[in-house]
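J.: show me how the following folds:
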Amino acid sequence: MTVKRLRIGVLYGGRSGEHEVSLASAAAVFTHLDRTRYEPVPIRIERSGRWCLADRPPTAMSAGEVIEHARVEAARTARSGREVHMIARPGEETVLSIDRTPGRGEDAGRAHVTGLNLDVIFPVLHGPYGEDGTIQGLLELANVPYVGAGVLASAVGMDKGMMKLVFEARRLPVCPYRVLLRQEVEQVPDATIRALEAALGYPMFVKPANLGSSVGISKAKGPEDLLAALALAGSFDRRLIVEAAVPEAREIECAVLGNEQPEASVAGEVIPSREFYDYEAKYLDDPSEVVIPADLPKAVCEEVRRLSIAAFGAIDCAGMARVDFLLSRRTGALVVNEINTIPGFTTISMYAKLWAASGVSYPELLDRLVALAIERHGGRQQLRTTVT
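T.: This is a model prediction of the structure:
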């Protein structure tokens, strides 16, 4: 008996500062999707926002490797004439490939349009225009099954200020913080600095509200640091979040998988090669150390897993997420730092490593995520769209 393979449209790249991370994550997905069950289709979003059908999937398995070959890769994909367009309404040909390659004879000047006939979309996009609900909203309009969180969870999970508000409403522990606009910093810098010093004290962490992979994050130990950190974060987003540093913090992470009844992995610890786990320490440096399972008392591990599932439910997440914590060596206090609805997804990323240590291999993880996407889509189809 022949079983039809599912056509999985893997959507990667994107218009964000996490473009390189997305390419590395997508390379791992393509490598490990079971070809007896799936037919993966590479759909790349360029930095310009152009969608194209890639000639071949990405192969670089780390952000550093992607950066090293960025110019060659960008030039090759820029020459592709096969654009991809999504029609924002339900239909049999929702995702279209438009080939604008110059033809000859009768085909001269014609664009050839074909339907991709995708069964599921797997967004492997990090940051704005991919992890923030924008792509998810388009996929909802097109009524296409897709992996991961929906519009609400994606938007709340992306905006660190809104995320912390929701966590506080659910009584989840978070560190003291303030949210401000870039305009405030530009118009009244001195008053902004004084207000943050009075509310939070040094050291502080300054972040763009809507970005991940530690892009644009700085640790400020004094007024000059703080002003520079606000300017850096403001170059990535109009909304900024400033957090009080957790004293002698340990970075603990936990992975969550599921829809209505999510499961949590074992807890892991990241020991960064730098002062904190910034972009370079995550993706470009080798010395950062990962300890899985984390060396923690059983009660703390159980609390990490409990809070991870609670954070997942608080934003109405689905599919997958990684929840990051800060644990103070000095006080023993545990706070929820953030939730990532599309975490780094290479085989050496924490999300995959945490599940591997919990008994779920990378290929099995992909199988479960695709199944969860189909399950969630099926549930949405049962909802009424009329009162009569």
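
J.: so where do the strands sit in the stretch 101-250 of the chain?
T.: For the stretch 101-250 of the chain, applying DSSP state E, counting those that start in this stretch gives strands covering 112-115, 120-124, 177-181, 204-208, 218-220, 239-244, 249-258.

J.: I'd like the average pLDDT over the second one.
T.: With pLDDT averaged residue by residue, strand 120-124 scores 97.

J.: show me what that strand is packed against.
T.: Here strand 120-124 touches strand 6-13, helix 19-32, helix 134-142, helix 362-381, going by 3 or more CB pairs under 8 Å, 6 or more residues apart in numbering; DSSP states H and E. The C-beta positions use only the backbone N, C-alpha and C, and glycine is treated the same way.

J.: how does it look with 10 Å?
T.: In terms of contacts (3 or more CB pairs under 10 Å, 6 or more residues apart in numbering; DSSP states H and E), strand 120-124 is packed against strand 6-13, helix 19-32, strand 38-45, helix 134-142, helix 362-381.

J.: so where does the most centrally placed residue in the chain fall, helix or strand?
T.: Residue closest to the average C-alpha location in the chain (CA atoms, centre = their mean): I342, at 3.0 Å. Using DSSP states H and E, I342 is not contained in any helix or strand.

J.: check the one 3 residues further on too.
T.: In this structure, F345 sits in neither a helix nor a strand according to DSSP H and E.

J.: correct me, but it touches M320?
T.: Yes: using CB atoms under 10 Å, F345 is in contact with M320, at 8.6 Å.

J.: so what sits against both of the two?
T.: 351, 365, 369 (CB atoms under 10 Å, 6 or more residues apart in numbering).

J.: I figured the first one hits L366, correct?
T.: No: in this structure, Y351 is not within contact of L366 by CB under 10 Å, at 11.9 Å.

J.: list the residues that contact both of those two?
T.: Residues touching both Y351 and L366 (CB under 10 Å, 6+ apart): F345.

J.: more neighbours, those two?
T.: The neighbour comparison of Y351 against L366 (other CB atoms under 10 Å) goes to Y351, with 26 against 23.

J.: and that one, backbone torsions?
T.: When read as degrees, to the nearest 10, the backbone of Y351 gives phi -60, psi -50.

J.: what number of residues lie near the nearest residue to it once chain neighbours are set aside?
T.: Among residues not flanking Y351 along the chain, P343 sits closest, at 4.3 Å (CB to CB, 6 or more residues apart in numbering). P343 has 25 neighbours, counted by other CB under 10 Å.

J.: what residues are up against P343?
T.: Taking CB under 10 Å, 6+ apart, one finds 21, 25, 126, 131, 212-213, 253, 255-256, 320-324, 349-352, 354 in contact with P343.

J.: go on, R322?
T.: R322 touches 253-256, 265, 268, 308, 312, 338-345, 349-351, 354, counting by CB under 10 Å, 6+ apart.

J.: how does it look with 7 Å?
T.: The neighbours of R322, taking CB atoms under 7 Å, 6 or more residues apart in numbering as the test, are 253, 255, 340, 343, 350-351.

J.: can you add pLDDT and distance to P40 and give those back as a markdown table?
T.: Converted to a markdown table, the contacts of R322 look like this (pLDDT from 0 to 100; distance: CB to CB, whole Å):
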| residue | pLDDT | distance to P40 |
| --- | --- | --- |
| E253 | 98 | 27 |
| A255 | 98 | 23 |
| N340 | 95 | 23 |
| P343 | 93 | 20 |
| M350 | 93 | 23 |
| Y351 | 96 | 19 |
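
J.: nearest to P203, of these?
T.: When the contacts of R322 are ranked by distance to P203 (CB to CB), E253 comes first, at 21.6 Å.

J.: was I right about the closest one contacting V270?
T.: Yes: using CB atoms under 7 Å, E253 is in contact with V270, at 6.5 Å.

J.: overlap in contacts of those two?
T.: Joint contacts of E253 and V270 (CB under 7 Å, 6+ apart) are M350.

J.: which one of the two is surrounded by more residues?
T.: The neighbour comparison of E253 against V270 (other CB under 10 Å) goes to E253, with 26 against 20.
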